[in-house]
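Visitor: This is a predicted model, with the sequence first.
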Amino acid sequence: MKSVFGLDEKIAGLLSYALGFVSGIFFYVMERDNKFVRFHALQSTVWFLLLAVGGWILRLLGTLPVLGGLFGFLGGLLGLLSFVSWIYLMYMSYKGAEFKLPILGDVVWNQVNK
């Protein structure tokens with residue numbers, strides 16, 4: 001099935017993850033009809049915004065004198081989670097799967113299917 005700009009929906013879904021929340025917002029705004037693309041675009045937007053905010057908070061907490069090292073370590077783990085989830089979500093989208101992240105995926109699915 002085709003999507004915005006005549007792209008295959010699997011390619012558009014993959015591209016909605018390519019630049020994190022930026023590409024997610026772009027594809028969510030541009031795509032009006034294809035629910036597969038809208039789902040992946042909104043999931044990308046929310047997931048990568050949550051990861052970015054979490055990273056900013058951990059970097060801020062990493063400046064604390066006593067627990068800074070722990071928060072720095074957690075920030076590193078969050079960065080690894082971001083990278084692995086980015087690759088995995090692009091892969092699943094390219095396969096044509098509507099892979100839902102735990103909890104977040106259901107919320108996004110309900111929003112797209114209103």
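Guide: That came in fine, so what should we check first? What you see is a predicted model, and the numbers here were worked out from it, not measured in a lab. Residues are numbered from 1 along each chain as shown.
Visitor: Any idea which residue is closest to the centre of this protein?
Guide: By Cα atoms, centre = their mean, the chain has its centre lying nearest to residue 44, at 2.5 Å.
Visitor: quick one: what helix or strand has the closest residue to residue 25 other than its chain neighbours in it?
Guide: Here the nearest residue to residue 25 in space, its sequence neighbours aside, is residue 45; by Cβ to Cβ, 6 or more residues apart in numbering that works out to 5.3 Å. Yep, even glycine has a C-beta here, placed from its N, CA and C like the rest. Using DSSP states H and E, the element containing residue 45 is helix 35-61.
Visitor: now residue 54: how far from residue 61?
Guide: For residue 54, the distance to residue 61 equals 11 Å [Cβ to Cβ, to the nearest Å].
Visitor: meant to ask about residue 97, not that
Guide: Residue 97 sits 35 Å away from residue 61, going by Cβ to Cβ.
Visitor: Now do the contacts for residue 49.
Guide: Residues near residue 49 by Cβ atoms under 8 Å, 6 or more residues apart in numbering: residue 21.
Visitor: correct me, but residue 14 touches residue 90?
Guide: Yes. Using Cβ atoms under 8 Å, residue 14 makes contact with residue 90 at a distance of 4.9 Å.
Visitor: who has more neighbours, these two?
Guide: Using other Cβ atoms under 10 Å, the more surrounded residue of residue 14 and residue 90 is residue 14, with 21 against 18.
Visitor: can you list contacts of the helix or strand hosting the more buried one?
Guide: When elements are defined using DSSP H and E, residue 14 is found to belong to helix 9-18. The contact list for helix 9-18 (Cβ under 8 Å, 6+ apart) reads 1-5, 7, 23-24, 26-28, 31, 34, 36-37, 40-41, 44, 86, 89-90, 93-96.
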